[in-house]
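[1] Got a predicted structure plus its sequence, pasted below:
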Amino acid sequence: MQRILAAMATMVLALAVGGTGTAWARSLAGRELAETALRAGKTLKLNGVGLREKYFFDVYVLGAYTESGACEPARMIGDDEVKLLRMEFVRNVPAGRLQDEVRKMVTTRVPDGASQADRQQSEAFIAMYDFDVTKGTIVELLYVPGTGLAATRDGKSMGAVLPGKPFQEVLWSTYVGPEPCCPATKKGLLESCRSR
């Protein structure tokens, strides 16, 4: 009987994996992130998921998506492909605190030799975070080669597109670079990454 049940379970699993249209997802802190995301006409793969915590409180679940699905931090940062950072907040954060945190994360990672234009992009990005976050808020940072970085909150634009590639490298370095803002988040992203 056990062999029959095991065989049936194997058949069910094979059917599910075999392309029945099932949307696979990864769960963390009560949030589910889909294994793929269609953005800018490209199917992006979920590299990994990580939890951003502050003073032992869960703040948001971060999903990192790229075209390649590569798991090497240098490729996540440097590859010139459509890529997405998706933050799903699991607690309320007031605007002032949110903007302060974004400022700390970004300004310390802008290279010393950055141009004035790059520094202005950083300030423009920080200024976008002038809103209170409530549990369930979703912020997406989408980079498209040749266009730049677009930020949205719950599907609505947070401001002008930031052109060029350097600033998106700053953002990805914030999470998976050599000196990340939040080592535990980086660890979660890399440990959950499924290279394809």
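    Right, received. Where do you want to start?
[2] from the middle of its chain, how far away would the host helix or strand of F167 be?
    Using DSSP states H and E, F167 maps to helix 166-176. Mean-position distance between helix 166-176 and its chain equals 11 Å (Cα atoms, centre = their mean, to the nearest Å).
[3] Can you name every helix or strand that that helix contacts?
    strand 57-66, helix 73-78, strand 83-89, helix 95-107, helix 116-127, strand 138-144, strand 148-153, helix 183-191 (3 or more Cβ pairs under 8 Å, 6 or more residues apart in numbering; DSSP states H and E). Glycine gets a C-beta too; all of them are placed from N, C-alpha and C.
[4] what residues does the fourth one touch?
    Meaning helix 95-107. Contact partners of helix 95-107, identified using Cβ atoms under 8 Å, 6 or more residues apart in numbering, comprise 54, 93, 122, 125-127, 129-133, 170-171, 174, 181.
[5] pLDDT weak spots in this protein?
    Within the chain, the stretches falling below the threshold (pLDDT under 70) are 1-25, 195-196.
[6] and with 80 instead?
    Of all residues in the chain, those with pLDDT under 80 make up the ranges 1-25, 194-196.
[7] From L189, how far off is the residue nearest the centre of the chain?
    Residue closest to the mean C-alpha point of the chain, counted by Cα atoms, centre = their mean, is L85 at 2.4 Å. Between L85 and L189 the distance is 10 Å, computed by Cβ to Cβ, to the nearest Å.
[8] Overlap in contacts, those two.
    A shared contact of L85 and L189, defined by Cβ under 8 Å, 6+ apart, is any residue touching both; here these are 62, 64, 175.
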